[in-house]
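Colleague: Quick one, what's the 3D model for this:
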Amino acid sequence: MPSRSFQDLLRSIARTIICAVLAITLPAAGADTVDRAAVLRTLAAQDRIVAEIGWKLQTAGAPLCRDRGWASGVVLQGLSQYGRSYRDEAVRLFGFGDRPIVFVVVPDSPGAVAGLRAGDLVLAVDGTATSIVAQDGAVTIADSAAAADRLDDAMRDGTATLTIERSGHRLTRTIHGQSACRVRFEVRAGSDTNASADANRVQISSDLVDPDRAEQDVVPVLAHELAHVILRHPQTLARNFRGLLPGFGKGGAAIRASEIAADRLSLYLLDRAGYSADDAVAFWTTFLRAYDQGLLSDRTHPGWKTRVAALQSELVRLKGLKASGRPVEPPADLLTPSR
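Modeller: Prediction:
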């Protein structure tokens, strides 16, 4: 994705994510005119959209991933990641308590089949109690991250048993996971119009997630970032980045090559998940043209014409495979491990 500042540039090169917390990016606590409920509902809708699209991409694309695991289709959150002035409203809307809650359950996922529901209070995972979430404590993503890590760790053997509280009743639900790329999809609250990936996580800024245009805008972006993860570009770029002029030399060449490769592979991920590769090429043609920086570019990304040409060429190949009845597989050279 195009970088908007030198700081963003360094983040995109290292592909290392620092999760933003809502208190930093939500309207200030003293803004009496803010409709907190509306803000939270929008963020919740964005979380659901990204979780559902990410689920389709990571499960359909599992055969292409070298790092596969068992996925649940469940997103957990803790109240502490919300700014203090939003917590009372978050409790009212979503049912937060002193433990993590089930925030999203992707339809037809293992979590849904197990009978989990949004708002379930998660007391334990595989018999180990979840951490207490301080409702009046500092703003932190640590509680949410710890809950997600606990569930991911439990799913490594293919199943996870959650002890939950629902409407005052203690219940047990066992999730039988589905094979998927081992990656977590997250919305980063903010307006930097960017997306990024590290070795096992994809993030997209909330400013890019329009609930009314998810199929057109969000799908191709998440597929592109997942392609970076599958091709292990975060690790490759971390090794190759050197110096203060990242657009030049070995590091710059590696970054530009990684963007083209991720563009190409993303079309196969989209096709496997039942999304339109044609629509994705149309999106990138419009988006890349709009964000191209021309002669003043930092040189870390190829020009938009180069990227669009590569996308169109790969689209022709993909369509040719489908028309001939041959397996729609990415070319072998594209999946060669990055060095």
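
Colleague: got the contact list for residue 159?
Modeller: Residue 159 is in contact with 70, 174-177, counting by Cβ atoms under 8 Å, 6 or more residues apart in numbering. Any C-beta I mention is one placed from the backbone N, CA and C, and that applies to glycine too.

Colleague: per-residue confidence at it?
Modeller: As predicted, residue 159 sits at a pLDDT of 98.

Colleague: circling back to that earlier point, out of the contacts of residue 159, which end up buried?
Modeller: 70, 175, 177 (16 or more other Cβ atoms under 10 Å).

Colleague: Give me the subset of these that lies in strands.
Modeller: Of these, the ones assigned to strands by DSSP state E are 70, 175.

Colleague: Columns distance to residue 141 on top of the buried ones among the contacts of residue 159, output as TSV?
Modeller: Listed next are the buried ones among the contacts of residue 159 as TSV, based on distance: Cβ to Cβ, whole Å:
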residue	distance to residue 141
70	24
175	23
177	24
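
Colleague: Tell me if residue 223 really is in a helix.
Modeller: Yes: counting by DSSP: H, G, I helix; E, B strand; the rest coil, residue 223 falls inside a helix.

Colleague: Tell me the confidence at it?
Modeller: Model confidence at residue 223, given as pLDDT, is 98.

Colleague: how many neighbours does it have?
Modeller: Counted by other Cβ atoms under 10 Å, the residues lying close to residue 223 total 29.

Colleague: tell me the contacts of it?
Modeller: So residue 223 contacts 57, 266-267, 269-270, 273, 275, 280 (Cβ under 8 Å, 6+ apart).

Colleague: Helices of the protein, start to end?
Modeller: All helices of the chain, identified by DSSP state H, fall at 6-14, 22-25, 36-60, 84-94, 110-113, 142-154, 219-230, 233-240, 249-272, 277-291, 304-324.

Colleague: any idea which of these is most buried?
Modeller: helix 219-230 (a mean of 27; mean count of other Cβ atoms under 10 Å).

Colleague: Report the inter-axis angle for that helix versus helix 249-272.
Modeller: Computed by axes from the mean of the first three to the mean of the last three Cα atoms, to 10 degrees, the angle separating helix 219-230 from helix 249-272 equals 120 degrees.

Colleague: how about the contacts of residue 159 in CSV, adding distance to residue 150?
Modeller: Shown next, in CSV, are the contacts of residue 159 (distance: Cβ to Cβ, whole Å):
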residue, distance to residue 150
70, 14
174, 15
175, 13
176, 18
177, 14
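
Colleague: what's the burial count for residue 74?
Modeller: 28.

Colleague: surely it meets residue 173?
Modeller: No: the criterion here is Cβ atoms under 8 Å, and residue 74 misses it with residue 173 at 9.8 Å.

Colleague: Quick one: the contacts of residue 159 as CSV, columns for pLDDT and distance to residue 315 too.
Modeller: Formatted as CSV, the contacts of residue 159 follow (pLDDT from 0 to 100; distance: Cβ to Cβ, whole Å):
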residue, pLDDT, distance to residue 315
70, 97, 32
174, 98, 42
175, 98, 37
176, 98, 37
177, 98, 33
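
Colleague: rewinding a little: need the contacts of residue 223 in CSV with pLDDT and distance to residue 118, can you?
Modeller: Shown next, in CSV, are the contacts of residue 223 (pLDDT from 0 to 100; distance: Cβ to Cβ, whole Å):
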residue, pLDDT, distance to residue 118
57, 98, 21
266, 98, 29
267, 98, 33
269, 98, 27
270, 98, 27
273, 98, 23
275, 97, 25
280, 97, 29
